[in-house]
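K.L.:
curious how this folds, go ahead:
(one chain, ligands or ions: 1)
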Amino acid sequence: MTDALENLTYEERRFPPSAEFAANANLKEDAYAAAQGDPLAFWAEQAERLDWHTKWDTVLDWSNPPFAKWFVGGRLNASYNCLDRHVAAGLGDRVAYHWEGEPQGESREITYAQLKDEVCQAANALIELGVKTGDRVAIYMPMIPETIVAILACARLGAPHTVVFGGFSADALASRISDCHAEVIITADGGYRRGSASALKPAVDEACDKVGIVRKVIVVRRTGSEVAWHDERDVWWHDLVARQSTEHECEFFDSEHPLYVMYTSGTTGQPKGILHTTGGYLVGCAYTQWGIFDLKPESDVYWCTADVGWVTGHSYMVYGPLANATTSVIYEGTPDSPHKGRWWEVCEKYGVTLFYTAPTAIRTFMRWGDDIPAKYDLSKIRLLGSVGEPINPEAYVWYRTVIGGEQVPVVDTWWQTETGAVMMSPLPGVTAAKPGSAMRSIPGIEVDVVDNDGQSVPDGSGGFLVVKRPWPAMLRTIWGDDDRYVDTYWSRFEGMYFAGDGAKKDEDGDIWILGRVDDVMNVSGHRLSTTEIESALVSHPKVAEAAVVGAKDDTTGQAVCAYVILREVAAPTDAAAGEALIQELRQHVAHEIGAIAKPRQIMLVPELPKTRSGKIMRRLLRDIAEKREVGDVTTLADSSVMDLISTEAKGSTD
Ligand code: WTA
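P.N.:
As a prediction, this is how the structure comes out:
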């Protein structure tokens, strides 16, 4: 690092692309002007990245906002765009995925031709089970190649998939299956995580019992562990899929045909089913994968470490890379299995050139020490990406220096399940990036920061993050709930999409995301709703009331902290009983939602701070959880409550 840089704080540093990177970059500076001048023409040009069976006649129909239609009249098939056309173009032997299992020595290479064959077989299998266009199929899988095959087989049939993260509990799975009425589930006996087999099928069995609508469960054998079996409902993947034909003529669907539903946490207890449709979504993924990651499909090896159960896994592990005929890496397990250098070993093994991960992982690696990545050859990496939560400048500089060898651009990409694709990011060949800032909207997108009245704030001020124009990969609605779609996203500011994030513009007009302004937490880059966890706690028979806040955490960004008032009869008799009860409640949340939602800390308190109108003042609870001086309590109904809670909190442990 040069001396000049060392005199600056992390935040003040600027990292322009090298001259060589800039000269060869896919997206150049002029893209901004082109998109600004005629956004629809710009998007029409991006849509040419896909193969349309029937071309659209209108780029955007915004006659009934906020219900958008993109590439109206166009017909296409997402699976055909990800597979068939590449094989037809002679790329059948190109590796689509290098799959690396968690147990060392287990790996598989899948070419585009092989992937197409397997997807056709799986599509034929789904047809045999009676799946028709428009039917929803739930996917609850580990990170194995069959998961990608399952996703693309659904897309091929126009049967919207809903992938549920494998870490979610049976209850969470059941509520998602029931909300979108999925009668078929694709799952596995389990997968490998942290050095051992972790089961999935029991949660599916439990969810099926709960919802009573599931007709068929297809089960991939991954770990070989014993599973309970229901003869008329369950079928092994290897029995069903392997005997199918590798030929499947796909149908072409309307550009607005539903592609998938992805559930995400909102401000109420019930997760929202975010609906993405085919044409616009795929255009958004294909364009950003190519432009923001500067993808050169013939030479790059790309690795996005997200789980396929989240939107990043959909857009940047499946649809974006495949639409561009990319060679990607997928890794099944955790970064520390069997040793803390596993990710870097995988990078070295496959010669990864483009690497995309989340700040929480970066902070974990920082803590583990520079000597671990130093043991591996990471010299092929030429671009790094970050997603999911604000990246603190120190972690950004560490990432760029230790993993990127001080040479490579880092793209801090801001987007959401709802936006479908990246909305804000530096352009890797253009922008002098600032550590900690997602900078500004990418060409074609118009993001802004506005005040309470929806007025654009001047440089140097903060406010709410909004999107001012519709964009192709935007969500179309919340599954089955158009009103909630309008209320949640389009009612706060007239004519603008409200993202739920707070942000500030710096003196240059570059945007820094400050985090959520609603009751959504961001824990290790995963979205969790405070209300959902509160409901889970209150469903325990010993709990009378609960309040949950996200408190700052050095590794996970935020951590779940819960304040619980017990029912009188449940009061623990001594400290040991109290501790046991806290563990019981943490387990209960894991059972209701999933291990990711388990509170880091639970405090048993006699009261909760409430306003006179009965609203819990989470701000004060956050002060306590973050061990700050408690702020203004004048609006509290009873301000002595805070003394009571502070005393209890001091006595509690993590
Ligand atoms: C946060 C993940 C700062 C933000 C793709 C957003 C970010 C939420 C960034 C969406 C970033 C995502 N910088 N914050 N680069 N990327 N976020 O739906 O609060 O799981 O609203 O989508 O993550 O989370 P979601």
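
K.L.:
got the residues of the stretch 351-500 of the chain near the ligand?
P.N.:
By C-beta under 6 Å from any ligand atom, the part of the stretch 351-500 of the chain that sits against the ligand consists of 387-390, 412-417, 438, 499-500. All C-beta atoms are positioned from the backbone trio N, CA, C, and that covers glycine.

K.L.:
next, count neighbours for the closest residue in space to Tyr497 that isn't next to it in sequence.
P.N.:
Residue nearest to Tyr497 in three dimensions, not counting chain neighbours: Val467, with 4.1 Å by C-beta to C-beta, 6 or more residues apart in numbering. By the other C-beta atoms under 10 Å criterion, the neighbourhood of Val467 contains 22 residues.

K.L.:
quick check: phi and psi on Val467?
P.N.:
For Val467, the backbone dihedrals are phi -120, psi 130 (criterion: degrees, to the nearest 10).

K.L.:
correct me, but it touches Met424?
P.N.:
No. Taking C-beta atoms under 8 Å as the contact criterion, Val467 and Met424 are not neighbours in contact, 9.7 Å apart.

K.L.:
what residues are up against Ala242?
P.N.:
Under the criterion of C-beta atoms under 8 Å, 6 or more residues apart in numbering, the contact partners of Ala242 comprise Gln121.

K.L.:
does it count as helix, strand or coil?
P.N.:
Classification of Ala242 using DSSP: H, G, I helix; E, B strand; the rest coil returns coil.

K.L.:
relative to Ile533, how far out is Gly550?
P.N.:
Separation of Gly550 from Ile533 (C-beta to C-beta, to the nearest Å): 10 Å.

K.L.:
now do Val346
P.N.:
Taking C-beta to C-beta, one finds Val346 at 33 Å from Ile533.

K.L.:
please apply the same query to Val219.
P.N.:
Remark: distance between Val219 and Ile533 (C-beta to C-beta) = 31 Å.

K.L.:
re earlier: let me know the pLDDT of the residue nearest to Tyr497.
P.N.:
Val467 is assigned a pLDDT of 98 by the prediction.

K.L.:
tally of neighbours for Val72?
P.N.:
Val72 is surrounded by 16 other residues when neighbours are defined as other C-beta under 10 Å.

K.L.:
spit out the contact partners of it.
P.N.:
Contacts were defined as C-beta under 8 Å, 6+ apart; by that measure Val72 touches 56-61, 255-256.

K.L.:
do the same with Phe15
P.N.:
Remark: with contacts taken as C-beta under 8 Å, 6+ apart, Phe15 is in contact with 400, 409-410, 432-435.

K.L.:
could you do Ala47 as well?
P.N.:
By C-beta under 8 Å, 6+ apart, the contact set of Ala47 is 56, 59, 71, 74, 279, 283, 472.

K.L.:
what does the protein put close to the ligand?
P.N.:
Where proximity means C-beta under 6 Å from any ligand atom, the interface of the chain facing the ligand comprises 264, 310-312, 387-390, 412-417, 438, 499-501, 513, 515-516, 522, 527.

K.L.:
one more pass at 5 Å, please.
P.N.:
Where the chain comes near the ligand, counting by C-beta under 5 Å from any ligand atom, the residues are 388-390, 412, 414-417, 438, 501, 513, 527.

K.L.:
quick one: which of these sit in helices?
P.N.:
With helices taken from DSSP state H, there is no overlap with those.

K.L.:
find residues that contact each of Val467 and Met424.
P.N.:
With contacts taken as C-beta under 8 Å, 6+ apart, Val467 and Met424 have 445, 447 as neighbours in common.

K.L.:
quick check: domain ranges of the chain?
P.N.:
For the chain, the domain assignment from automatic domain parsing gives the residue ranges 78-91+103-261, 521-648.

K.L.:
what about the helices in the stretch 551-654 of the chain?
P.N.:
For the stretch 551-654 of the chain, the helices defined by DSSP state H, counting those that start in this stretch occupy 575-592, 618-625, 641-651.

K.L.:
most tightly packed of those helices?
P.N.:
When the helices of the stretch 551-654 of the chain are scored by mean count of other C-beta atoms under 10 Å, the highest mean neighbour count falls to helix 618-625 (a mean of 21).

K.L.:
what's that one packed up against?
P.N.:
Helix 618-625 sits against strand 543-553, strand 557-566, helix 641-651, with contacts defined as 3 or more C-beta pairs under 8 Å, 6 or more residues apart in numbering; DSSP states H and E.

K.L.:
quick one on the thing from earlier: among the residues of the chain next to the ligand, the buried ones, what's the ChimeraX command?
P.N.:
Buried residues within those, by 16 or more other C-beta atoms under 10 Å, are selected in ChimeraX with:
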select :388,389,390,412,414,415,416,417,438,501,513,527
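
K.L.:
quick one: buried residues of the host helix or strand of Thr147?
P.N.:
When secondary structure is defined by DSSP states H and E, Thr147 falls within helix 145-157. Of the residues in helix 145-157, those buried under the neighbour-count criterion (16+ other C-beta under 10 Å) are 145-157.

K.L.:
gap between the helix or strand encompassing Val283 and the chain center?
P.N.:
Here Val283, judged by DSSP H and E, is contained in helix 278-292. Relative to the centre of its chain, helix 278-292 is centred 16 Å away, using C-alpha atoms, centre = their mean, to the nearest Å.

K.L.:
make residue 1 into 36 and carry on from there
P.N.:
Right, with 36 as the first residue, what we last looked at is helix 313-327.

K.L.:
now do the contacts for the residue in the stretch 586-689 of the chain that the ligand sits nearest to.
P.N.:
Each residue of the stretch 586-689 of the chain has a distance to the ligand, by C-beta to the nearest ligand atom, and the smallest belongs to Gly592, at 9.0 Å. Applying C-beta under 8 Å, 6+ apart, we find Gly592 in contact with 394-395, 424-425, 557-560.

K.L.:
Arg129 now?
P.N.:
Taking C-beta under 8 Å, 6+ apart as the contact definition, Arg129 lies against 121, 146-147, 360, 362.

K.L.:
what does Val552 give?
P.N.:
Going by C-beta under 8 Å, 6+ apart, Val552 touches 499, 535-537.

K.L.:
low-confidence stretches in the chain?
P.N.:
Low-confidence segments of the chain (pLDDT under 70): 36-38, 682-689.

K.L.:
can you pull the contacts of the residue of it most remote from its centre?
P.N.:
Here the chain reaches farthest from its C-alpha mean at Thr608, the gap being 42.7 Å by C-alpha atoms, centre = their mean. Residues in contact with Thr608, defined by C-beta under 8 Å, 6+ apart, are absent; none qualify.

K.L.:
of Val254 and Ile568, who's got more company?
P.N.:
In terms of neighbours (other C-beta under 10 Å), Ile568 is the more surrounded of Val254 and Ile568; the figures are 26 against 22.
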